[in-house]
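Participant: got a sequence here, can you model it:
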Amino acid sequence: MSQTHANEPAAPRPAGHATVRPTGWVGWIIFAGVTMIVLGAFSIIEGLVAVFQRSYYLVGPNNLLVHVNYSTWGWVHFGIGVAVVLVGFGVMTGAMVARVLGIALAVISAIVNLAFIAAYPVWGIIIIALDVLVIYALAVHGREMKYV
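Facilitator: Alright, predicted model coming up:
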């Protein structure tokens with residue numbers, strides 16, 4: 001093995017192999033991952049409330065966009081929440097699969113919360129807005145995380 005000395009020039013790099021350095025935008029991916037974990041936890045809580053405390057919400061299940069009982073809504077929120085938490089941890093590893101699943105789950109979460117918005121309007125709007133930010137972060141800046 002040869003050792004390089006401080007005075008020797010570095011070996012030339014093959015064409016097309018530029019060094020890629022992460023930028024400050026990596027913070028968006030950390031934001032997306034942490035936000036997904038928090039949103040997933042809140043979705044799990046929201047689901048458990050729907051299953052065990054049906055009278056908590058503003059309207060009855062017949063006044064929602066999809067007319068199913070709150071137990072069904074609760075299990076849907078619970079399942080989405082668990083998936084979002086798990087994928088949120090994956091997003092922070094920089095895995096492409098986690099990014100794609102993260103975008104898909106954020107879209108599903110936004111749609112479900114839009115359909116559920118009559119039950120808890122302010123919370124639904126907040127969740128949808130955060131889902132949009134997660135989609136932006138993962139779609140635009142996601143590839144930079146793999147270089148960290």
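Participant: when you work out contacts or count neighbours from here on, use the C-alpha atoms and nothing else.
Facilitator: Will do.
Participant: now the helices for the protein?
Facilitator: Ranges of helices within the chain are 26-52, 70-91, 96-115, 121-141, based on DSSP state H.
Participant: any chance of a markdown table for those, columns distance to Asn63?
Facilitator: Output for the helices of the chain, formatted as a markdown table (distance: least, CA to CA, whole Å):
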| stretch | distance to Asn63 |
| --- | --- |
| helix 26-52 | 15 |
| helix 70-91 | 11 |
| helix 96-115 | 10 |
| helix 121-141 | 13 |
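Participant: okay, the ones you listed in CSV with distance to Leu58, mean neighbour count and mean pLDDT next?
Facilitator: Output for these, formatted as CSV (distance: least, CA to CA, whole Å; neighbours: other CA atoms under 10 Å; pLDDT from 0 to 100):
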stretch, distance to Leu58, mean neighbour count, mean pLDDT
helix 26-52, 12, 21, 91
helix 70-91, 12, 21, 93
helix 96-115, 14, 19, 94
helix 121-141, 9, 18, 91
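Participant: relative to Pro61, which of those is closest?
Facilitator: Of all the helices of the chain, it is helix 70-91 that lies closest to Pro61, at 6.2 Å by CA to CA.
Participant: just want the angle from the closest one to helix 96-115.
Facilitator: With axes from the mean of the first three to the mean of the last three CA atoms, to 10 degrees as the basis, helix 70-91 and helix 96-115 are set at 150 degrees to each other.
Participant: helix 121-141 and helix 70-91, what's the angle between them?
Facilitator: Using the same axes, to 10 degrees: helix 70-91 against helix 121-141 is 30 degrees.
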